[in-house]
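**Q** Here's my sequence, what's the structure:
(chains A, B, C and D)
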2 protein chains.
Amino acid sequence: MPSPLSTTSKPSKGEETRAAILDAAVRMAATDGFAALTIGVLAEKTGLSKSGLFAHFGSKEDLQIATLDEATRRYNEVAFVPALRAPRGLKRLEALAENWLLWTERSQLKACPMMAALAEFDDQPGAVRDALVQHMQRMNDEIIRAVQMTIDAGEFMPQTDAAQFAFEMFGIVATCYRSRSLFLDPKSNDRARVAFRRLVASCRASAPRTGA
Amino acid sequence: MPSPLSTTSKPSKGEETRAAILDAAVRMAATDGFAALTIGVLAEKTGLSKSGLFAHFGSKEDLQIATLDEATRRYNEVAFVPALRAPRGLKRLEALAENWLLWTERSQLKACPMMAALAEFDDQPGAVRDALVQHMQRMNDEIIRAVQMTIDAGEFMPQTDAAQFAFEMFGIVATCYRSRSLFLDPKSNDRARVAFRRLVASCRASAPRTGA
DNA sequence: TACTTAATAGAACGACCGTTCTATTATTCA
DNA sequence: TGAATAATAGAACGGTCGTTCTATTAAGTA
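**A** The predicted model follows:
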């Protein structure tokens, strides 16, 4: 039995195909939603047999969770970690927002798999929902930390409610994604940026300028 | 053949059961999502046979659209129309926001069926998605109208972007619903109200006060 | 009340679902 | 290279899906 967790050393054949499956799964969840993520279709798309694919995961539920984990890993890789290169405070907060808005196209995904998961599992109890809540909770906590740093840096007013800020920032990004997929509105990104600037302005320590 | 559209005159037996089916369908879509809205389960829940229920709708797709229409009808009945009793301008806009936040519990629904539909159909082409886009477009237009009235009343700055306001207001409400179902956060409503006040404040014609 | 039509039940369909079992083919490692 | 083991294929399962057909019961109407 190979080590279940992917190590940095040479990947075995099984680990390679598993990675290929998850790649297809993430792309598929983003495009068609988790409901369309059936084992039969996924097997066809990866050139495997149903049972061959199934053997990599003990159950459909495990496959869904693994897909969720992989999507989170990619978000961290292309959006969160790069934003940490920005200096603590408002600069970093802005980088977090911008990277969050753009991470799907940077990952060549048609939509955000996390948002798709949110939509389909937020009211359906089970292990998938639990995993999802944990991922989103962690993301939310990271935003709160970044806001707190901005307060500590003196760029936001000390009475700024960090959790409230995270709530609103999440809403702006989520609505941007929805506006893209539902209304196909090319102005979605700019709308989100205007909203974010408005939110930031209302928390600024110095006299907030009302943007255009 | 009875008249397909429900009239105000005496309802026939068929119309009665159809209404009962749609009532169960809306409640079920809100609670478990549209994916769980299968004909078998719905038949069981209404005490009908599968084929008996099916006969009321030509197809599953028609059932989904009818469920969407019914949900919209109820939203208009308990949220939109009552808000029109408030005087044009900011008062009405605030009533729209508050009623939008509270319409599901006033309708005894566990969640918002429209938000559930948004999540599951926003990227899946078909007649259901088309109907959904139309409903949401209409809602959005109504908000834009209300914002424009607020501008005309001199309560918002003339350069206020009404479409941008609608975008952000939609995001606030949507995130509130998600925060309720995903994080089960009892503070969700208050968070949404704070966000809405912030949005309103940034558009006020007189000097905007930065709320708590 | 009789007749027409609407409303519903029941059985069956092909398709796909997730899952299990067994067999066969690759890969790994001594 | 050869033995142990991992990776995959293929067939089959019971279950549920949406849908269709035919028969039966209920409702509306002259």
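**Q** which residues does the closest residue to A:Gln148 other than its chain neighbours contact?
**A** Here the nearest residue to A:Gln148 in space, its sequence neighbours aside, is A:Ala162; by Cβ to Cβ, 6 or more residues apart in numbering or on different chains that works out to 5.2 Å. Yep, even glycine has a C-beta here, placed from its N, CA and C like the rest. Applying Cβ atoms under 8 Å, 6 or more residues apart in numbering or on different chains, we find A:Ala162 in contact with A:144, A:147-148, A:151.
**Q** Now list the buried members of these.
**A** Taking 16 or more other Cβ atoms under 10 Å in any protein chain shown as the criterion, what is buried in those is A:144, A:147-148, A:151.
**Q** Any residue of the host helix or strand of A:Tyr75 touching DNA strand C?
**A** Counting by DSSP states H and E, the element that carries A:Tyr75 is helix A:60-75. Yes. Applying Cβ under 7 Å from any atom of the strand, one finds helix A:60-75 in contact with DNA strand C at A:60-61.
**Q** Contacts (any at all) between DNA strand D and that helix?
**A** No. Using Cβ under 7 Å from any atom of the strand, helix A:60-75 stays clear of DNA strand D, coming no nearer than 11.6 Å.
**Q** CA-only coordinates of that helix in CSV, if you can.
**A** Output in CSV follows, covering the C-alpha atoms of helix A:60-75 (Å, rounded to 0.1, in the frame of the first residue of the first chain):
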residue,chain,number,x,y,z
LYS,A,60,-18.9,8.8,-4.1
GLU,A,61,-18.8,10.9,-1.0
ASP,A,62,-15.1,10.5,-0.7
LEU,A,63,-14.7,11.5,-4.3
GLN,A,64,-16.7,14.7,-3.7
ILE,A,65,-14.6,15.6,-0.6
ALA,A,66,-11.4,14.9,-2.4
THR,A,67,-12.6,17.2,-5.2
LEU,A,68,-13.4,19.9,-2.7
ASP,A,69,-9.9,19.5,-1.1
GLU,A,70,-8.2,19.7,-4.5
ALA,A,71,-10.2,22.9,-5.4
THR,A,72,-9.2,24.4,-2.0
ARG,A,73,-5.6,23.5,-2.6
ARG,A,74,-5.6,25.2,-5.9
TYR,A,75,-7.2,28.3,-4.5
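**Q** Now do the residue nearest to A:Gln148, the pLDDT please.
**A** pLDDT recorded at A:Ala162 is 98.
**Q** Kindly report the same for the one 4 residues further on.
**A** We note a pLDDT of 98 for A:Ala166 in this prediction.
**Q** how near is it to chain B?
**A** Here A:Ala166 is placed at a distance of 10 Å from chain B (Cβ to the nearest Cβ, to the nearest Å).
**Q** Same question for A:Leu37.
**A** 12 Å.
**Q** quick one, phi/psi of that residue?
**A** phi -80, psi 70 (degrees, to the nearest 10).
**Q** wouldn't it be in contact with A:Ile65 here?
**A** No. The criterion here is Cβ atoms under 8 Å, and A:Leu37 misses it with A:Ile65 at 11.8 Å.
**Q** Who has more neighbours out of those two?
**A** Using other Cβ atoms under 10 Å in any protein chain shown, the more surrounded residue of A:Leu37 and A:Ile65 is A:Leu37, with 21 against 18.
**Q** how about that one, what does it touch?
**A** A:Leu37 neighbours (Cβ under 8 Å, 6+ apart): A:25, A:28-29, A:63-64, A:67.
**Q** Try it again at 6 Å.
**A** A:Leu37 sits next to A:28-29 when contact means Cβ atoms under 6 Å, 6 or more residues apart in numbering or on different chains.
**Q** In contact with A:Asn99: list those residues for me.
**A** Going by Cβ under 6 Å, 6+ apart, A:Asn99 touches A:79, A:83.
**Q** Sort out which of the contacts of A:Ala162 are in strands and list them.
**A** Among those, no member falls in strands (criterion: DSSP state E).
**Q** Let me know the closest of these to DNA strand D.
**A** A:Ile144 (40.1 Å; Cβ to the nearest atom of the strand).
**Q** unless I'm mixing things up, the closest one is touching A:Phe167, no?
**A** No. Counting by Cβ atoms under 6 Å, A:Phe167 is not a contact partner of A:Ile144; they are 9.7 Å apart.
**Q** what's the closest non-adjacent residue to A:Arg92?
**A** A:Ala86 (4.2 Å).
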